[in-house]
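S.K.: Next comes the sequence, and after it the predicted model I'd like to discuss.
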Amino acid sequence: KQEVTQIPAALSVPEGENLVLNCSFTDSAIYNLQWFRQDPGKGLTSLLLIQSSQREQTSGRLNASLDKSSGRSTLYIAASQPGDSATYLCAVSRNNAGNMLTFGGGTRLMVKP
Amino acid sequence: EPEVTQTPSHQVTQMGQEVILRCVPISNHLYFYWYRQILGQKVEFLVSFYNNEISEKSEIFDDQFSVERPDGSNFTLKIRSTKLEDSAMYFCASSEQGLNEQYFGPGTRLTVT
């Protein structure tokens, strides 16, 4: 059974810092990995999708990397801003018809002005 | 930008009552999903749906749950006889193809009393 873990569970940084969020998964037979942002009481906003054949994806100040063989992904946020404060979730999918996503517990990020 | 919508945003019901949660997926998407998030816990997969049938379901999705696409735009989740432990945020998601990026709605908060 796939297990997804995110470390750290919470992170507080001053504005302007570059930071790295970690995601690990136990079963490397994934099809893709998706990073989401969740604001309190709100839905999930997709940030980046990395296919299993890819090593990284970039969107603006965000860069996600994937090392499938070691079961790890990182989300790098450059020049953090207070508006980046949210919970960041990673989720992996298997290569099957259902496309079920298995989620990690998230990293709660606070960026202080 | 197209988005997934869900109604109602908050539903309060008594134990044993039936509830129907509604979702309008993104119009050209073919795959639909329901997930739930109990307060303080991980997002959990419930069911995926394609071509008017269930593609995959989790252990949570027992006989008390059902899904339906009653027309060309709506996708519903029915819980026949709600239990206290069904209290959670329920998220609908859709994707253009299987194994593609999933887009989530804002969620319906279900409170069972």
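M.R.: Here it is on my side, so go on.
S.K.: what secondary structure does the closest residue in space to residue A:100 that isn't next to it in sequence sit in?
M.R.: Excluding its sequence neighbours, the residue lying closest to residue A:100 (CB to CB, 6 or more residues apart in numbering or on different chains) is residue B:45, at 4.5 Å. Just so you know, the C-beta spots here come from the backbone N, C-alpha and C atoms, and that holds for glycine as well. Secondary structure, DSSP: H, G, I helix; E, B strand; the rest coil: residue B:45 is strand.
S.K.: For residue B:45, which residues are in contact?
M.R.: A:100, A:101, A:102, B:33, B:35, B:58 (CB atoms under 8 Å, 6 or more residues apart in numbering or on different chains).
S.K.: Can you say which of the residues you listed are buried?
M.R.: Neighbour counting over these (16 or more other CB atoms under 10 Å in any protein chain shown) leaves A:100, A:101, A:102, B:33, B:35, B:58 as the buried ones.
S.K.: Look at stretch A:72-84 and report the distance between its end residues.
M.R.: 22 Å (CA to CA, to the nearest Å).
S.K.: now it: how far from the chain's centre is it?
M.R.: Computed by CA atoms, centre = their mean, to the nearest Å, the separation of stretch A:72-84 from the middle of its chain amounts to 9 Å.
S.K.: follow-up on the earlier one: farthest-separated two in the buried ones among the contacts of residue B:45?
M.R.: Comparing every pair within the buried ones among the contacts of residue B:45 by CB to CB identifies A:102 and B:33 as the most remote, at 12.6 Å.
S.K.: circling back to that earlier point, could you dump the contacts of residue B:45 to CSV with pLDDT?
M.R.: Shown next, in CSV, are these (pLDDT from 0 to 100):
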residue, pLDDT
A:100, 91
A:101, 95
A:102, 96
B:33, 96
B:35, 98
B:58, 94
